[in-house]
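Enquirer: Requesting a structural model of the entry that follows:
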Amino acid sequence: MKKLEAKDQERREVELAELNSLEEKFVCAQRWKTEFRASTKWEHYIACDGSPDPTVLQEINTFMNLWREDQNKDLQFVMEKGEQVLNLIEKLQFLLLDTPPSEITEKETAQYQETILELENLLHQKYNEATEQLLKSAIMYEDSDTGNMQTVIKDKNVTFCIWANLKKKARFKNHAFCDTHHGFDLPKSLAVSSIAVRILHTHYDHISPLWLQCQRVPRLEVLDSEELTQHSQDNAGKPEEEKEAREEPKVTTEEEMLPVERNSAISFRRNTNSITDINEVTEEESEKKLESFDIPPEVQILQMQEKTSEEEEMITDENTVDLQQFVPVGGVYHIDGLQLPPQVHQINSWSVVELLDSGLEVYPYPPEESEDTTHPPIQITLGLPDSVIYWKEPVIARWDPAGQQWRTDGISNITYETQEENITFEIDAFYTIAFLQDIHLNMPYQAWELRPTSTDEAVFVITTVFAEVQIQIKDNQCMLAAVVVGEKNVLSHLIGKWMCPVTLRRVLKKCGLNIFPEEYSYKYVCVNKKAPLTEFKAYQQMALVASAFAFGWSKWNLESGQDQVVFKVSEHLKADFVKDEDWSLYMFNGQRAQKLKITEASEAFSMELEEDSEFHSTLYHMLKDFASKAAIDKVNTANFLFVDVVYQLLLATRVLTYS
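Expert: Okay, here's the model as predicted:
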């Protein structure tokens, strides 16, 4: 063992230099994405198609002001214009997630967030104006059976279900909207009142706190001094010229990090250089520089937070929904009781209507009376959207505008009808409702496998307790290839659509399929805790060789301790499945890789080396000892964008910790 360790130490510098050369793929990927963003912006500028650039304050303000002044309140027109607004919001949200911190300032971030809020508010304002315009002519939509007005108007983003009580007869106090499975049953006092009911289902969520701001933003944290010292001892022999060439400005521990989604596409130059910077710190310098290390953002996210004061800040009110554990799935349902505006009257060839300056008015229920008076509840039935998955019966919550939170009180007598795919419940007032699902239902994963299928192509399979998720990777994109629940394929509307990893994460979460841990997920999932730097380096080096080697889950990863990760590896140059006998077990701690003698079928875990094998400083060189020339050639010629996507997906799913 001493001879092997000495041999490993002798060639360490050469192997790390070769690894650094491979890691240039990450730098190339970041440079390509930076140029692509600039090219996209330029193409939009020269297109002159009339659509605003949401990042240019003057353009987006002009767009919003022109629409505010537009008097066209036709609902179909507003919905079409709303689709353009939603696309602008989507662009800004994507920019905030995808742009590295080196390319966006705090001022720009604040500006984009403010623009998102203004666009959301303007869109809902226009929905209200269109609703009021429609209700003024409610008599034109009079139903022949009941004499009341009812209509359903929808597109891919929003569904309007509007009912107006024109006849005010108690026997018509309930109604079911065709093709939506939405309906209501009003108390008698409302059934004889001048009231309109609107169920506005937005397939997106603009109600919860701004998606970026509601994330808990952690502070930069450094690795403990013992780990830093270890890395410094391992790498103290680096040439001074190499150090200076890679030197970058450091950030302090007071600098705020971005949420985990943003870090999925963080600067790879910063990643690789920062790790090297850590490794180059001498033992004497480690204490002095402990407060100013530029630790990679990924490592910050991977670090497990200690249960300190954060625990004390956790929600104690049992009626308040914890948005770190639950998330609205399937959009938001705005259930509104509205004052029925004066109706249009035909006098000869004239249409006459009383104009009110108050706009769309809310119908107060329960009425403002003494607190001792009780009022019957309103029964609501909502159909579940077929574009999302509810793995378990969802939590029904109402939005509390005052507290800016989702709450479960005020909702009673819930009936979940699985076959009909709808939920019936009672509310004591008109609320905005959402169906929430536990974010971590599919965690921890039961197994995972990453397998190359062709040149710069691979398939990534994650098996959860509910489903098998297959993600196909090709060049700089990925797509959902299949979601198998039992023997049934679901989410067919997403299958086969190519997108970048950031977009894939967002659409899967929106559909209720979350396989992407957040920074706080360890509080809700039984995790297989690993050292952050070890996990980070493992994902990075796995991505570098993923064009020719398959990786898979090993049960021994649970037994190897926090400082080491264990996974199955097999050279794989074909498109078929990996046979059980072709797998070998490897262990990696960020500084050393080794091939293990044990197999998955062994009775106990052992760190004993495979016969005729050695230690290596990198996973690449460890695999090289047993690989064919064709496999190594494929690794060296792999496209940097493919490597980038594989790395992003590994880091986003954190399979070494959450399996």
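Enquirer: rest of the way, CA atoms for contacts and neighbours
Expert: OK.
Enquirer: H345 against M140, yeah?
Expert: No: H345 is beyond contact range of M140, at 10.5 Å (criterion: Cα atoms under 8 Å).
Enquirer: most residues in a single helix of this protein, which one?
Expert: helix 106-136 (DSSP state H).
Enquirer: Got the domain ranges for this structure?
Expert: Domain assignment of the chain by the TED database yields the ranges 50-136, 141-210+319-368+375-438, 447-653.
Enquirer: hey, where'd the helices end up in the stretch 401-550 of the chain?
Expert: Along the stretch 401-550 of the chain, counting by DSSP state H, counting those that start in this stretch, helices occupy 501-510, 532-545.
Enquirer: again, but for the stretch 251-400 of the chain
Expert: 260-263, 268-280, 283-289, 297-302, 309-312.
Enquirer: looking at the protein, which helix or strand does the model trust least?
Expert: In the chain, no helix or strand scores lower on mean pLDDT, DSSP states H and E than helix 260-263, which sits at a mean of 34.
Enquirer: what ranges of this structure fall below the confidence cut-off?
Expert: Applying pLDDT under 70 to the chain picks out residues 209-316, 370-372.
Enquirer: what do you get if the cut-off is 50, keeping everything else the same?
Expert: Residues of the chain meeting the criterion pLDDT under 50: 211-295, 304-312.
Enquirer: which residue is nearest the centroid of it?
Expert: Centre of the chain computed as the mean C-alpha position; nearest residue by Cα atoms, centre = their mean is R506, 4.1 Å away.
Enquirer: wait, what's in contact with P394?
Expert: Shown in contact with P394 (Cα atoms under 8 Å, 6 or more residues apart in numbering): F435, L436, Q437.
Enquirer: Of those, which belong to strands?
Expert: Among these, DSSP state E puts F435, L436, Q437 in strands.
Enquirer: phi, psi of the closest residue in space to M149 that isn't next to it in sequence?
Expert: Excluding its sequence neighbours, the residue lying closest to M149 (Cα to Cα, 6 or more residues apart in numbering) is E142, at 4.4 Å. Dihedral pair for E142: phi -60, psi 130, per degrees, to the nearest 10.
Enquirer: Now do the same for V566: helix, strand or coil?
Expert: Three-state call for V566 (DSSP: H, G, I helix; E, B strand; the rest coil): strand.
Enquirer: give the contact list for it.
Expert: Residues near V566 by Cα under 8 Å, 6+ apart: S554, W556, N557, S560, L585, Y586, M587, F588.
Enquirer: Show me what the last one is bridged to.
Expert: Counting by DSSP bridges, F588 is bridged to V565, A593.
Enquirer: so it touches L619, yeah?
Expert: Yes: F588 is within contact range of L619, at 7.2 Å (criterion: Cα under 8 Å).
Enquirer: If you count surrounding residues, which of these two has more?
Expert: L619 (27 against 24; other Cα atoms under 10 Å).
Enquirer: What is the neighbour count of the spatially closest residue to the more buried one that is not a sequence neighbour?
Expert: Closest residue to L619 apart from its sequence neighbours, by Cα to Cα, 6+ apart: A593 at 5.5 Å. Neighbours of A593 under the rule other Cα under 10 Å: 24.
Enquirer: For V332, see how far away A593 is.
Expert: Distance, A593 to V332, using Cα to Cα, to the nearest Å: 49 Å.
Enquirer: Now stretch 520-535: buried residues?
Expert: Using 16 or more other Cα atoms under 10 Å as the test for burial, stretch 520-535 gives Y520, S521, Y522, V527, N528, K529, K530, A531, P532, L533, T534, E535.
Enquirer: Now render those residues as JSON lines, adding distance to T637.
Expert: Output for these, formatted as JSON lines (distance: Cα to Cα, whole Å):
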{"residue": "Y520", "distance to T637": "38"}
{"residue": "S521", "distance to T637": "37"}
{"residue": "Y522", "distance to T637": "37"}
{"residue": "V527", "distance to T637": "36"}
{"residue": "N528", "distance to T637": "34"}
{"residue": "K529", "distance to T637": "34"}
{"residue": "K530", "distance to T637": "31"}
{"residue": "A531", "distance to T637": "31"}
{"residue": "P532", "distance to T637": "29"}
{"residue": "L533", "distance to T637": "27"}
{"residue": "T534", "distance to T637": "26"}
{"residue": "E535", "distance to T637": "25"}
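Enquirer: In CSV, list the C-alpha atoms belonging to stretch 465-484.
Expert: Presented in CSV, the C-alpha positions along stretch 465-484 are these (Å, rounded to 0.1, in the frame of the first residue of the first chain):
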residue,chain,number,x,y,z
VAL,A,465,-40.7,5.1,-5.5
PHE,A,466,-43.5,6.2,-7.9
ALA,A,467,-41.9,6.3,-11.4
GLU,A,468,-39.0,5.7,-13.7
VAL,A,469,-37.8,8.9,-15.3
GLN,A,470,-35.8,8.7,-18.5
ILE,A,471,-34.0,11.8,-19.7
GLN,A,472,-32.2,11.8,-23.1
ILE,A,473,-29.1,13.9,-23.6
LYS,A,474,-27.8,15.1,-27.0
ASP,A,475,-25.2,17.7,-27.6
ASN,A,476,-26.3,20.8,-25.7
GLN,A,477,-29.9,19.8,-25.0
CYS,A,478,-31.9,17.2,-23.1
MET,A,479,-35.5,16.0,-23.2
LEU,A,480,-37.9,13.9,-21.3
ALA,A,481,-37.8,10.5,-23.0
ALA,A,482,-40.4,8.7,-20.8
VAL,A,483,-42.0,8.8,-17.4
VAL,A,484,-43.2,5.2,-16.6
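Enquirer: Tell me which residue of this structure is furthest from the middle?
Expert: Greatest distance from the centre of the chain, by Cα atoms, centre = their mean, belongs to N348 (58.1 Å).
Enquirer: Please enumerate the strands of the stretch 1-150 of the chain.
Expert: For the stretch 1-150 of the chain, strands defined by DSSP state E, counting those that start in this stretch occupy the ranges 149-154.
Enquirer: which residues in it form helices?
Expert: For the stretch 1-150 of the chain, the helices defined by DSSP H, counting those that start in this stretch occupy 2-22, 24-47, 57-69, 75-98, 106-136.
Enquirer: how about the ones you listed, which one is nearest E468?
Expert: Distance to E468, taken as Cα to Cα, is lowest for helix 75-98 among the helices of the stretch 1-150 of the chain, at 26.7 Å.
Enquirer: still on that earlier bit, out of the contacts of V566, who's the most crowded?
Expert: Going by other Cα under 10 Å, Y586 tops the contacts of V566 with 26 neighbours.
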